[in-house]
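>>> Here's a sequence, model it:
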Amino acid sequence: MDTLVTIAVIAYNSEKTILDTLDSILRQTYNKKCIEVVISDDASADATLSIAETWAKEHSLTFYGIKCISGNTNKGVSANCDSAWRSASGDWIKTIAADDILLDDCISENVNYLCKNELTHVLFSNMIPFTEQGREPPICHDKSKFLGGPDEQLQILLKECYLLAPTSFIKRDVLIRVGYADLRYSMIEDYPLWFKCLKNGYRMDYMDKATVLYRKGDSLSQQSIKIGNLKYLQSLYSFQKDELWPLLSFFMIFKKWDDSVIFYEKLFWMKYIGNKNTILYRFFHFSLFLIRPYKVQEKIIDSFR
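Predicted coordinates for the structure are as follows:
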């Protein structure tokens, strides 16, 4: 197992959690001389970068190499990932947010799978959510969505982003060929990347094992106290309109309507009322099911599965 793997740590204002992430890299059972660590900081306003640089100095001889990169201005998660990926030297890249944690066998399990499945280009696995109270049951992919080729998987992706980004393990050559991150969408790096991969004929593979601990909380895409992050919502909606909608069939017109309702519902409430996920907002949100035929249809289909 001498495959060189780059672990790309994506950081922004992560001073409270980044050491947990970096120390999980130290615990990897994979040969550390075959691990490169790239820590990319998006102009954090806290001590994230200094913590990362101190850690890098302490462990500089442990790994194949450690790089710390940072810009002078905050550009968003897509540009942050793009910088890390372009700085990588590994044959494969494992991207991890600086608040998540790699399980000890994460890299070993992924590389072992690749040794047995040489045609794999993009690999996903399962993740275990956790909070301060402890771990929760694993979140697993739906195996049936990985059975088809790139075209079949793309049709599923047009309807939903079903891939668990924290678990991704991608070949660097694939990133080079698809042009790395799509910088048009500053706050959403994963959905556009999977879209480009599938459009270029790279199918997604699945390993039914947990490899990552995913920290639950108010991240960009998973809000609990807040309704959402406006820049993230704008990036997602722009991507849907630019890339997904043109490929939807006529019979998926309600999907376009549904995307619009979700976006403008949140935009209206956040702009004129506030960004707290209150009981009143949740009532408003669920009442809109009456004008979301696509969502109603999906609920009916799910009830018969």
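
>>> Report the mean confidence score over the lengthiest strand in the chain.
Determined from DSSP state E, the single longest strand within the chain is strand 204-215. Model confidence over strand 204-215, given as mean pLDDT, is 98.

>>> Show me what that strand packs onto, helices and strands only.
strand 101-102, helix 106-116, strand 122-131, helix 190-199 (3 or more C-beta pairs under 8 Å, 6 or more residues apart in numbering; DSSP states H and E). Quick note: C-beta positions are derived from backbone N, CA and C, even for glycine.

>>> Tell me the helices and strands packed up against the shortest one.
In terms of contact count using 3+ C-beta pairs under 8 Å, 6+ apart, strand 101-102 is assigned the packing partners helix 18-26, strand 204-215.

>>> now those as a markdown table including mean neighbour count and distance to Val261?
What follows is those, written out as a markdown table (neighbours: other C-beta atoms under 10 Å; distance: least, C-beta to C-beta, whole Å):
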| stretch | mean neighbour count | distance to Val261 |
| --- | --- | --- |
| helix 18-26 | 20 | 36 |
| strand 204-215 | 21 | 28 |
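
>>> of these, which approaches Thr62 most closely?
Shortest separation from Thr62 across the helices and strands packed on strand 101-102 is recorded for helix 18-26, at 7.1 Å, computed as C-beta to C-beta.

>>> C-alpha coordinates for the next helix or strand along the chain from that closest one, PDB please?
Helices and strands here follow DSSP states H and E; after helix 18-26, the next one along the chain is strand 35-41. Below are the C-alpha coordinates for strand 35-41, written out as PDB (Å, rounded to 0.1, in the frame of the first residue of the first chain):
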ATOM      1  CA  ILE A  35       0.200  10.700   3.400                       C
ATOM      2  CA  GLU A  36       0.500  14.400   2.400                       C
ATOM      3  CA  VAL A  37      -1.400  16.900   4.500                       C
ATOM      4  CA  VAL A  38      -2.600  20.200   2.900                       C
ATOM      5  CA  ILE A  39      -4.300  22.600   5.200                       C
ATOM      6  CA  SER A  40      -6.100  25.400   3.400                       C
ATOM      7  CA  ASP A  41      -7.400  28.300   5.400                       C
END
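
>>> Off-centre distance for the next helix or strand after strand 35-41?
Downstream of strand 35-41, the first helix or strand assigned by DSSP H and E is helix 48-58. Relative to its chain's centre, helix 48-58 lies at 24 Å (C-alpha atoms, centre = their mean, to the nearest Å).

>>> Now do the buried residues in helix 48-58.
Residues 48-49, 51-52, 55-56 are the ones in helix 48-58 that count as buried (16 or more other C-beta atoms under 10 Å).

>>> Next, the angle strand 35-41 makes with that helix.
Helix 48-58 runs at 160 degrees relative to strand 35-41, counting by axes from the mean of the first three to the mean of the last three C-alpha atoms, to 10 degrees.

>>> Which strands and helices lie in contact with helix 48-58?
Against helix 48-58 (3+ C-beta pairs under 8 Å, 6+ apart) you get strand 5-11, helix 18-26, strand 35-41, strand 65-70.

>>> right, and these - which one's nearest Leu147?
Among the helices and strands packed on helix 48-58, strand 5-11 sits nearest to Leu147 (C-beta to C-beta), with 27.1 Å.

>>> Quick check: the residue nearest to Trp92 when sequence neighbours are not counted vs Gly76, distance?
Excluding its sequence neighbours, the residue lying closest to Trp92 (C-beta to C-beta, 6 or more residues apart in numbering) is Val5, at 5.0 Å. Per C-beta to C-beta, to the nearest Å, Val5 is found 26 Å from Gly76.

>>> Could you do Ser44 as well?
From Ser44 to Gly76 the distance is 13 Å (C-beta to C-beta).

>>> Do a quick rundown of the strands in the stretch 151-300 of the chain.
169-171, 204-215 (DSSP state E, counting those that start in this stretch).

>>> Let me have those strands in a markdown table, extended by distance to Ile107.
Listed next are these as a markdown table, based on distance: least, C-beta to C-beta, whole Å:
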| stretch | distance to Ile107 |
| --- | --- |
| strand 169-171 | 9 |
| strand 204-215 | 9 |
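
>>> quick one, which of these is nearest to Ile253?
So among the strands of the stretch 151-300 of the chain, strand 204-215 is nearest, using C-beta to C-beta, at 26.8 Å.

>>> How far off centre is the closest one?
With C-alpha atoms, centre = their mean, you get 12 Å for strand 204-215.

>>> With stretch 171-183 instead?
The answer for stretch 171-183 is 15 Å, by C-alpha atoms, centre = their mean.

>>> now stretch 230-244
15 Å.

>>> Pull out the buried residues from that stretch.
232-240, 243-244.
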